[in-house]
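J.: no FASTA, just this:
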Ligand SMILES: [Zn+2]
């Protein structure tokens, strides 16, 4: 049978043992999740104040002395209930307020010693969380609990992919900037609506797949590329990128990406220049050029569409021709707008 109050179990370092004894699946499942949260977000130290000394499995005196168990009924259950503004409340004060007896004094000393030696100081990183628990114990529960937890978890973000990024950099002999790294992850999200392809993309980026190099560690076989290119030492970068078998594939993909641009009909040379700057890593110049191309590009696509593209081609000495029905030529106002988009960026 389960003998501790559930609040006492929440912070106990032996919570796992308690959970195993619970036969109610709802309670054990919830506690299990809580246990993982505490571990994952490293909350144990900060929440140690909310252990119940009568049941705390690390506090030895409670095993020999059942009188500790009568304290919760008097309003003293957690270590925190004996503390005010960071200091231990004096025994006299507690005695008066909570109806303790003289013989409880040495229990008070035992707890005091334990707080000083074991519980120690909280790290100050989870102050809001500690406040939340204090409020709960004083009966003042915030009604926006879900909101609190959501924000709390989002702010903590215990996972970092820096190590994975470092592995890619090391293997590929390259340097990935923080922006590029974030963008690579965003692309997995944006470039497809298929859940399985997204998952595949994420798994590739996070280096989920077992490569011949990794396999070689435990089966002793040479790490030969599984695409049969003959390369020995097939790590992630080779398998996903460098392998000669993949080269035509990536070339085709690049070709496809390079072809989708309406503005190239008007400012073809400038777009080629942009690509050249990017490929040679001259990012600052590329950025300046890109900034000047954004407005004209928007003008001949989503803003004013094909009629604008045709008009702009005429201005630049190419042959745009007249619009085919149902498209209509630009109005005077639209034409002026188009001219401004090109001239304000120095193209006309
Ligand atoms: Zn290969």
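T.: Sure, I can see it. Since this is a predicted model, take the numbers as computed values, not measurements.

J.: what helix or strand is the closest residue to residue 102 other than its chain neighbours located in?
T.: In space, and not counting its chain neighbours, residue 102 is closest to residue 95: 7.9 Å by C-beta to C-beta, 6 or more residues apart in numbering. Every C-beta, even on glycine, is put in place using the N, C-alpha and C of the backbone. Element membership of residue 95, judged by DSSP states H and E, is helix 91-98.

J.: tell me which residues in that helix are buried?
T.: For helix 91-98, burial by neighbour count (16 or more other C-beta atoms under 10 Å) applies to 91, 94, 98.

J.: test my guess that the second one contacts residue 105.
T.: No. Applying C-beta atoms under 8 Å, one finds residue 94 not in contact with residue 105, separated by 9.9 Å.

J.: hmm, back to that, so can I have a markdown table of the buried residues of helix 91-98 showing pLDDT and distance to the ion?
T.: Formatted as a markdown table, the buried residues of helix 91-98 follow (pLDDT from 0 to 100; distance: C-beta to the ion, whole Å):
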| residue | pLDDT | distance to the ion |
| --- | --- | --- |
| 91 | 90 | 74 |
| 94 | 89 | 72 |
| 98 | 87 | 73 |
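
J.: quick one: name the residues of the chain near the ion.
T.: Contact residues (C-beta under 5 Å from the ion) of the chain with the ion: 225, 227, 229, 231, 243.

J.: the fourth one contacts residue 243, correct?
T.: Yes. Contact criterion C-beta under 8 Å: residue 231 and residue 243 qualify, at 6.8 Å.

J.: what residues do those two have in common as contacts?
T.: Common neighbours of residue 231 and residue 243, using C-beta atoms under 8 Å, 6 or more residues apart in numbering, are residue 225.

J.: quick check: the closest residue to residue 299 other than its chain neighbours vs residue 314, distance?
T.: With C-beta to C-beta, 6+ apart as the criterion, residue 299 has its nearest non-adjacent residue at 4.0 Å, and that residue is residue 341. Applying C-beta to C-beta, to the nearest Å, the value for residue 341 to residue 314 is 15 Å.

J.: these two: who's more crowded?
T.: Ranked by neighbour count (other C-beta atoms under 10 Å), residue 341 and residue 314 place residue 341 first, with 22 against 13.

J.: so what's the more buried one up against?
T.: Contacts for residue 341 were tallied using C-beta under 8 Å, 6+ apart; they are 295, 296, 298, 299, 303.

J.: now the closest residue to the third one other than its chain neighbours: how far from residue 92?
T.: Spelled out, it's residue 298. Excluding the flanking residues, the one nearest residue 298 by C-beta to C-beta, 6+ apart is residue 341, at 7.5 Å. Residue 341 sits 80 Å away from residue 92, taking C-beta to C-beta as the criterion.

J.: and residue 52, by the same measure?
T.: In terms of C-beta to C-beta, residue 52 sits 23 Å off from residue 92.

J.: quick one: the helices in the stretch 201-348 of the chain?
T.: Taking DSSP state H, counting those that start in this stretch as the test, the helices found in the stretch 201-348 of the chain are 212-219, 236-237, 244-258, 268-279, 283-298, 305-315, 332-343.

J.: could you list the buried residues of the first one?
T.: Going back to what we said before, that points to helix 212-219. Under 16+ other C-beta under 10 Å, the buried positions of helix 212-219 are 212, 213, 216.

J.: same deal with the third one?
T.: Of the residues in helix 244-258, those with enough neighbours to count as buried (16+ other C-beta under 10 Å) are residue 246.
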